[in-house]
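A.B. asks: Compute the structure for the input listed below.
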Amino acid sequence: MPTSTLYYIADPMCSWCWGFQPTLESIIDILPEEIDVRYVMGGLAKDSDEPMHADTLEYVKQQWQLVTDRTGAQFNWDFWTACQPRRSTYPACRAAIAAGEQQGAGLEDMFHAIQRAYYMEARNPSDLETLISLAAELKLDVDRFSTDIVSPGINDMLYKDFELRRSFHADKFPTVILDYNQETMWLAYGYEEADKVMDILESVLHS
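C.D. replies: Predicted coordinates for the structure are as follows:
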């Protein structure tokens, strides 16, 4: 049987990906076992130690409100006063990859732990200290994780994800692509409503 894969191209610090989470869970619930799920890190914002510019901060806040209005997703707005926001998501992407190198479901577990920390617990995943704390909460080898997340090897894996994303021409997050029975189907290109995504998926699976 040909290898079948569902590609979830996303970023742990993408608010629309947070809003899409219930739909992703619904997708995974009905996938046949022979379809692998592959998270591809999108890399929303490059490494930066600079505080988030005021214009960017207002833009991100507006996106949070739009996500809430459209999807019902909840956010902990204390983040904006409890943390020093930075426009830097590459560390969170590396954290997910590094966790995946330790445990089979580590990448997915870290991805969603970062989302919860960021959006619900007002913790900053742009900070290495936050990511190391999450590794401990996930019962990872923290010493190994701390080394891996800043290693050239993990960074190379991140850029391979970027290459894969570009090969799909997927420049909106989340994007969901199903490679099934030697056909490629786009289930979502950017945020899509659950009904639309699930209708496409079910039609593909039952065709």
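A.B. asks: For the rest of this, base every contact and every neighbour count on C-alpha atoms.
C.D. replies: Fine.
A.B. asks: Then Thr5 would be within a strand, right?
C.D. replies: Yes: read with DSSP: H, G, I helix; E, B strand; the rest coil, Thr5 is one of the residues of a strand.
A.B. asks: Which residue, neighbours along the chain excluded, lies closest to it?
C.D. replies: The spatial neighbour of Thr5 that comes closest, neighbours along the chain excluded (CA to CA, 6 or more residues apart in numbering), is Asp36 at 4.6 Å.
A.B. asks: Now name the helix or strand holding that neighbour.
C.D. replies: strand 35-41 (DSSP states H and E).
A.B. asks: Next secondary structure element downstream of that strand?
C.D. replies: helix 54-71.
A.B. asks: List the buried residues for that following helix?
C.D. replies: Buried positions in helix 54-71, judged by neighbour count with 16 or more other CA atoms under 10 Å: Leu57, Val60, Trp64, Gln65, Leu66, Val67, Thr68, Thr71.
A.B. asks: Model confidence for the third one, exactly?
C.D. replies: Among the per-residue scores, Trp64 holds a pLDDT of 98.
A.B. asks: ok, it - contacts?
C.D. replies: Ser15, Phe75 (CA atoms under 8 Å, 6 or more residues apart in numbering).
A.B. asks: what do you get if the cut-off is 7 Å, keeping everything else the same?
C.D. replies: Going by CA atoms under 7 Å, 6 or more residues apart in numbering, Trp64 touches Ser15.
A.B. asks: I'd guessed Ile9 sits against Val176; true?
C.D. replies: Yes: under the criterion of CA atoms under 7 Å, Ile9 makes contact with Val176 at 6.2 Å.
A.B. asks: and Gln102, which of the three is it?
C.D. replies: Going by three-state DSSP: Gln102 is coil.
A.B. asks: what's the strand holding Asp36 packed up against?
C.D. replies: In terms of contacts (3 or more CA pairs under 7 Å, 6 or more residues apart in numbering; DSSP states H and E), strand 35-41 is packed against strand 4-10, helix 152-168.
A.B. asks: Need the winner for burial among those.
C.D. replies: strand 4-10 (a mean of 22; mean count of other CA atoms under 10 Å).
A.B. asks: Tally up the residues packed near Leu31, please.
C.D. replies: Using other CA atoms under 10 Å, Leu31 is surrounded by 15 other residues.
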